[in-house]
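Chemist: here is a sequence with its predicted model. Questions after.
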Amino acid sequence: MKKPITHLIISTSSSNEYYSGEGDYCLVEFSADYVAYLLNYMEKVRPLHQADQNIYGLKCWDARPEYFQFNDKLEKIVDIYGNLASDVPSGEPILLEIQPGFNEEDFSRVECQIVHILKDEVCWTAYLKHTNIQIESAPILKKTLLKIKRSFVAS
């Protein structure tokens, strides 16, 4: 039986072009409930946007993601397609069926963590602790979330 996709790594960008805040990547742990939560809110955004073109999405507090700087561990992690995580192009999700093996000291200290849920994608943002530097993940498309959801059903 195939394992579910439990973790996703995605590259980030920063509001400071000279300093990423040591948050080059965002690590998100998934459960069947969390992916259902995201997909459910995506469906709620669609009619809101149809009723009012100024409504593009929802923002919710979400401390689930961890942010980290590029490190040697990325060169040892293999995604579900057999690619080394360090070889996956920036902006493309790295899907994992295992805990990637990071330690607490690998993660940046952040605050004001938010998930942005639009009708067809999600992304996560945070501020580097005690700064005005915002870190934002690349967007994750709905089709990727559906793939993750299917992996939980098949396991």
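Modeler: Done, it's in. The shown structure was predicted, so the numbers you read here are calculated from the model rather than taken from an experiment. Residues are numbered from 1 along each chain as shown.

Chemist: now do the helices in the protein.
Modeler: If DSSP state H is used as the criterion, the helices of the chain fall at 32-51, 142-154.

Chemist: to residue 112, which of the ones you listed lies closest?
Modeler: With CB to CB, the closest approach to residue 112 among these belongs to helix 32-51: 19.1 Å. Any C-beta I mention is one placed from the backbone N, CA and C, and that applies to glycine too.

Chemist: buried sites along that closest one?
Modeler: 34, 35, 38, 39, 41, 42, 45 (16 or more other CB atoms under 10 Å).

Chemist: separation between the third one and residue 84?
Modeler: Going back to what we said before, that points to residue 38. Between residue 38 and residue 84 the computed distance is 27 Å (CB to CB, to the nearest Å).

Chemist: in the sheet, who's paired with the most centrally placed residue in the chain?
Modeler: Relative to the mean C-alpha position of the chain, the nearest C-alpha, by CA atoms, centre = their mean, is the one of residue 28, at 4.9 Å. Residue 28 has the following beta-bridge partners by DSSP bridges: residue 8.
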